[in-house]
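[1] Need coordinates for the below:
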Amino acid sequence: FEITTNSGYTCKGKIGHKIYHLNPSTFTMEWKNIEDFTGSEIIPIRKGMNQWGKCNPVSTFDASTKATQSNKLTLIHEPDLYYLMGLILGDGCTRTTGGDISVTSADFEIAEFLTRIAPCYIEDGDISVREKKDRKNKAKEYHLYSVILKRFLLHLGFNNEKAHKKVFPVQVLSLDRPYVMAFLRGLYDTDGCAQVVYSEAKNRWSCNVSLSSSSWDIIKKTQSVLLNLGITSNIRHHHKAGPQLFSNGKTYQTNDAWELYIVNREGVKLFSQYIGFGIKRKQDKLDLYLSNVSALDYHFNLIKIGGYLKSKYTPHWFKRYGMHLHRSVSLRRLKEVRDFDFIDEEDRAKIDAMTEVDYYFDTIKQIKPVETTTIDIQVANEKSYWSEGFISHNSFLFGHFCYLYCLLNPGKQIIIVAPTFRSSRRILEGIDA
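    Numbers count the residues shown, from 1 in each chain. Have a look, this model is predicted:
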């Protein structure tokens, strides 16, 4: 089965796969088999794990070929290199043959960066600039010719495909945080934007940091990386594939496109702190939004537990604290509710279980049966593991196989191999259970 939340987070699992969820009717965090989900459950999406790799792709890259044995070009494992990779993934293009790599941009910051970085990563230390044919389009094409750089792109996991078939380079996911952040900055400088609006009626600023792409893989992988950093985001399908009339009066066949957007103040603040924009006009919008004092956000991370609270406590008790009880209550408000004098100890313990870990509570959009490849894993010293925000229980599949083998092959011996005696004993206990 596959579960998709309204924000776009997904989890796939076989029958018997246990997922952690919030039961809104009992106000408790529970485990449930994936096939038993009905859609009314609330999924606690774990964020801010900050699990980063220590991979250095430059150290495992062999730049020498028959054609480049005498070349003196040396790649340096530094954030600037991966910022360049982000620019190429966003608005770049690589030819299927040769070493031609182009980046299209109208921003002088990117032009300045490419001019500065060229002597480091290009064989002849120079780039060529081509004007776009459309005079109304101020963007220019910057061509970098480097066989070694082209091979390094393939080493990272780039492909020579069109925009809708591009993929998020797999090796970038194994980098340490500073390099991943530099990569995302390059990606957002090309395909990202920031919108800031002030509402006089509400006397409140709002901000939307978004990334647009026709590649589903780029959108999903970026969402996962942001979640690891502690940023929740939403996916919106903002363009449907089909013929579209462009500004030049011509109609072209287009592909599906999605938008990944961050709208909560906490997420925008983390984005600005760790990723940010290298384009001044974009970063200025974030600075404007964050420089204005905003009231506490009680409209983010809403949890549908108002019904439970109303059934157990009368609404006028909440009014004593100036609170009107609605169907959904924000996690921020729930932390305040915990200290209300009429809340019993059982519910305070439930609130503690919800707030002691950095969760984003999401509702289910869709549950459907799927055919896919699943991986049976167990995490040492833990009973659960984290995948795209979902909390999944350690697998019982190995114990099931041992149990079935015993039933179908009486008299046979099974050897349980584990790092320690205690681990093997836990497996046997699981079979007995």
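[2] Any regions of the stretch 301-433 of the chain where pLDDT drops low?
    Scanning the stretch 301-433 of the chain for pLDDT under 70 picks out 376, 378-382, 395-404, 414, 416-433.
[3] The same query, at a cut-off of 50, please.
    Scanning the stretch 301-433 of the chain for pLDDT under 50 picks out nothing.
[4] Break down it into its helices, ranges please.
    306-312, 315-319, 331-337, 345-355, 397-408, 421-432 (DSSP state H, counting those that start in this stretch).
[5] First-to-last residue distance for stretch 335-344?
    14 Å (CA to CA, to the nearest Å).
[6] just use 3 as the starting number from now, easier for me
    Done: numbering now begins at 3, and the last item shifts to stretch 337-346.
[7] What are the contacting residues of it?
    311, 315, 319-320, 323, 325, 331, 349-350, 353-354, 357 (CB atoms under 8 Å, 6 or more residues apart in numbering). No exception for glycine: its C-beta is placed from N, CA and C like everyone else's.
[8] nearest to residue 82, of these?
    Nearest to residue 82 out of the contacts of stretch 337-346 is residue 357 (CB to CB; 39.8 Å).
[9] Once you drop chain neighbours, what's closest to that closest one?
    residue 337 (5.7 Å; CB to CB, 6 or more residues apart in numbering).
[10] Likewise for residue 239?
    Once flanking residues are discounted, residue 239 sits nearest to residue 260: 5.6 Å by CB to CB, 6+ apart.
[11] Okay, now the sheet partners of the helix or strand containing the one you found, with direction.
    Element membership for residue 260 (DSSP states H and E) is strand 259-264. Here strand 259-264 has these sheet partners by DSSP bridges: strand 206-215 (antiparallel), strand 236-241 (antiparallel).
[12] What are the buried residues along the last one?
    Okay, so that is strand 236-241. Applying a neighbour-count criterion of 16 or more other CB atoms under 10 Å, one finds 236-237 buried in strand 236-241.
[13] Name the residues that touch the host helix or strand of residue 13?
    In the assignment (DSSP H and E), residue 13 maps to strand 12-14. The contact list for strand 12-14 (CB under 8 Å, 6+ apart) reads 3-6, 21, 36, 222, 372, 374, 376, 389-390, 392, 394.
[14] next one: stretch 187-207
    Outside stretch 187-207, the residues that reach it (CB under 8 Å, 6+ apart) are 84-94, 105, 107, 109, 111-112, 208-215, 220, 224, 277-281, 284-285, 287-288, 290-291, 294, 296-297.
[15] So what's the residue count around the closest residue to residue 174 other than its chain neighbours?
    Once flanking residues are discounted, residue 174 sits nearest to residue 185: 5.3 Å by CB to CB, 6+ apart. Residue 185: 28 surrounding residues under other CB atoms under 10 Å.
[16] Determine the three-state secondary structure at residue 185.
    At residue 185 the chain is in helix, as set by DSSP: H, G, I helix; E, B strand; the rest coil.
[17] So which residues of the stretch 3-152 of the chain form strands?
    Here the stretch 3-152 of the chain has its strands, by DSSP state E, counting those that start in this stretch, at 4-7, 12-14, 20-25, 30-35, 44-48, 94-96, 102-107, 130-133, 142-147.
[18] most packed of those strands?
    Counting by mean count of other CB atoms under 10 Å, strand 44-48 has the highest mean neighbour count of the strands of the stretch 3-152 of the chain, with a mean of 22.
[19] What's the mean pLDDT across stretch 287-295?
    Averaging pLDDT along stretch 287-295 gives 90.
[20] Identify each buried residue in it, please.
    Within stretch 287-295, the residues scored as buried using 16+ other CB under 10 Å are 287-288, 291-292.
[21] Just the residues contacting it, thanks.
    Here stretch 287-295 makes contact (CB under 8 Å, 6+ apart) with 196-198, 207-209, 211, 267, 270-271, 273-274, 278-279.
[22] Is the residue nearest to residue 239 bridged to anything, and to what?
    With DSSP bridges as the rule, residue 260 is bridged to residue 215, residue 239.
[23] wait, which of the contacts of stretch 337-346 is closest to residue 58?
    Using CB to CB, residue 357 comes nearest to residue 58 of the contacts of stretch 337-346, at 37.9 Å.
[24] now, the most widely separated pair of the contacts of stretch 287-295?
    208 and 278 (19.1 Å).
[25] The residue nearest to residue 239 against residue 236, yeah?
    No. Using CB atoms under 8 Å, residue 260 makes no contact with residue 236, being 10.4 Å away.
[26] returning to that earlier point: kindly indicate the member of the contacts of stretch 337-346 with the most neighbours.
    With neighbours taken as other CB under 10 Å, the top of those is residue 331, carrying 22 neighbours.
[27] and stretch 111-125, which residues are buried?
    111-113, 115-116, 119-120, 122-125.
[28] just to revisit the earlier point, I'd like the contacts of stretch 337-346 as JSON lines, with distance to residue 152 appended.
    Formatted as JSON lines, those follow (distance: CB to CB, whole Å):
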{"residue": "311", "distance to residue 152": "59"}
{"residue": "315", "distance to residue 152": "65"}
{"residue": "319", "distance to residue 152": "67"}
{"residue": "320", "distance to residue 152": "63"}
{"residue": "323", "distance to residue 152": "63"}
{"residue": "325", "distance to residue 152": "60"}
{"residue": "331", "distance to residue 152": "53"}
{"residue": "349", "distance to residue 152": "60"}
{"residue": "350", "distance to residue 152": "59"}
{"residue": "353", "distance to residue 152": "54"}
{"residue": "354", "distance to residue 152": "54"}
{"residue": "357", "distance to residue 152": "49"}
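[29] From the residues you listed, pick the one nearest residue 169.
    Closest approach to residue 169 among those (CB to CB): residue 357, at 36.9 Å.
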